[in-house]
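J.: Have a look at this prediction, sequence included:
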Amino acid sequence: MFARDIMATPVHVVSPDATVAHARNLMVRHHISRLPVMENGILVGILTKKDIAYHMRKGEPGWRRRPLDRIPVGALMTEHPVVVQPDTGVKEIARIFTTRNFSSVPVVDGGIMAGIITKTDLMKSSLVRQITYPVGDVMEDVPLVSRYHSLNHVISVMRERNDKVLVTDDDGTPAGIISETNLAFYEDEPKISGVMGKDVTIKRRETATGVPGPALMAVATVTAGDVMTSPVLTVSPATPVPDALELMKKHHVNSLVVVENGTVTGIIKRDDIIKEVAK
């Protein structure tokens, strides 16, 4: 199979001058997680939910003065994205994803964007259906955080591992999971306007009668428990990979936590399957 066989088209694009708010709205409306950035008909970059999610941690004064949603796409995008041709093989695309930590590649034909390939598209390959061994053979360990950890800590762990994190309760049982999607589409204006990871106070407006309300309103630190997705879907290490993929497809997720005898032993992700395809 080749790029042309699995690529998605048409492609939704955005300009570098558009706001992050506009880009996020496009992602939500079209159920996508990245947007090629076009200027005068030329591909100049790509914006992903990861670019948005990781920049929520910014704390410089300039970022505090302007909410993330008002930042132009050009300030967050990855410039000069790697592209592939329509006749690029699926195995080669899988290698690009795994060796360069990409989640998508635009498909360009004669200088014109013909489509885009994501990890979801790659899962359509017949090579994926050839993987039949148990989940335990391909799973990997999963980074853990407490539901009480600050969002700054969560993002630091995610950036260090370039991975999602599992949120656990005090007894070590899975409480939720956090991916770039949870961060990129998290909605809380006071907290995403540059005050992540801090306890701050905001003055309240006067009431309609002109009498001031309570002088200050606390904005609590955002924690892992605020943004996680719950409940967590689990499988055993003995589960065949095809069964795990069917469960992912049924619940519209791209990972499953692996549990054996009540203990978390790892995680099976779409990325792990793509690594097998790339071999």
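T.: Perfect, I can see it now. Numbers count the residues shown, from 1 in each chain.
J.: and the residue nearest the centre of the chain, what pLDDT?
T.: Central residue of the chain (CA atoms, centre = their mean): E180, 2.7 Å from the mean position. Listed pLDDT for E180 reads 87.
J.: separation between it and K164?
T.: Distance, E180 to K164, by CB to CB, to the nearest Å: 7 Å. Every residue, glycine included, has its C-beta placed from N, CA and C.
J.: For the two, list the residues in contact with both.
T.: Each of M158 lies in contact with both E180 and K164 under the rule CB atoms under 8 Å, 6 or more residues apart in numbering.
J.: Could you list the low-pLDDT ranges of this structure?
T.: 56-67, 187-220 (pLDDT under 70).
J.: What ranges does this structure have for its helices?
T.: 3-6, 20-30, 49-54, 61-65, 73-76, 90-100, 119-122, 151-161, 180-184, 189-192, 224-227, 241-251, 270-278 (DSSP state H).
J.: Next, the buried residues of the fifth one.
T.: The neighbour-count check on helix 73-76 (16 or more other CB atoms under 10 Å) flags V73, G74, L76 as buried.
J.: helices or strands next to it in the packing?
T.: helix 20-30, strand 34-39, strand 42-48 (3 or more CB pairs under 8 Å, 6 or more residues apart in numbering; DSSP states H and E).
J.: Now distance to L233 and mean neighbour count too, for those, in a markdown table please.
T.: Output for the helices and strands packed on helix 73-76, formatted as a markdown table (distance: least, CB to CB, whole Å; neighbours: other CB atoms under 10 Å):
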| stretch | distance to L233 | mean neighbour count |
| --- | --- | --- |
| helix 20-30 | 23 | 16 |
| strand 34-39 | 24 | 21 |
| strand 42-48 | 24 | 20 |
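J.: what's M139 sitting at in phi/psi?
T.: phi -70, psi 160 (degrees, to the nearest 10).
J.: With adjacent residues omitted, what lies nearest to it?
T.: Among residues not flanking M139 along the chain, G266 sits closest, at 3.9 Å (CB to CB, 6 or more residues apart in numbering).
J.: For the one you found, give me its contacts.
T.: With CB under 8 Å, 6+ apart, G266 has these contacts: G136, M139, E140, D141, V142, P237, V257, V258.
J.: same question, V232
T.: L166, P174, A175, G176, I177, V257.
J.: how many neighbours does the residue nearest to it when sequence neighbours are not counted have?
T.: Leaving out its chain neighbours, the residue that sits closest to V232 by CB to CB, 6+ apart is P174, at 4.0 Å. P174 has 20 neighbouring residues, counting by other CB atoms under 10 Å.
J.: so what's P174 bridging to?
T.: Note on P174: beta-bridge partners by DSSP bridges are T168.
J.: One more: the one 4 residues further on?
T.: Per DSSP bridges, the residues bridged to I178 are V165.
J.: Might one say that it is in contact with R161?
T.: No - shown here, I178 and R161 do not form a contact pair, counting by CB atoms under 8 Å, at 11.8 Å.
J.: These two: which is more packed in?
T.: A direct count of neighbours by other CB under 10 Å for I178 and R161 places I178 higher, at 27 against 12.
J.: List the contacts of the more buried one.
T.: V145, V154, M158, K164, V165, V167, A224, V227, M228, T229 are the contacts of I178 under CB under 8 Å, 6+ apart.
J.: could you redo the last one with a cut-off of 10 Å?
T.: 53, 143, 145, 149, 151, 154-155, 157-158, 164-167, 186, 224-229 (CB atoms under 10 Å, 6 or more residues apart in numbering).
J.: again, but for M123
T.: With CB under 10 Å, 6+ apart, M123 has these contacts: I6, R129, L245, M248, K249, N254, R270, I273, I274, V277.
J.: Same check on K49?
T.: 23-24, 27, 32-35, 103, 179-185.
J.: How about G176?
T.: For G176, the contacting residues are 145, 147, 165-169, 182, 224-225, 227-232, by CB under 10 Å, 6+ apart.
J.: Can you pick out the most distant pair from those?
T.: D169 and N182 (17.6 Å; CB to CB).
J.: higher neighbour count, the two?
T.: N182 (22 against 12).
J.: Which residue lies closest in space to the more buried one, excluding its sequence neighbours?
T.: Nearest residue to N182, sequence neighbours excluded (CB to CB, 6+ apart): V227, at 4.7 Å.
J.: hey, what's the residue lying closest to D87 once chain neighbours are set aside bridged with?
T.: Spatial nearest neighbour of D87, chain neighbours left out: F2 (5.2 Å); criterion: CB to CB, 6+ apart. Beta-bridge partners for F2, by DSSP bridges, are G89.
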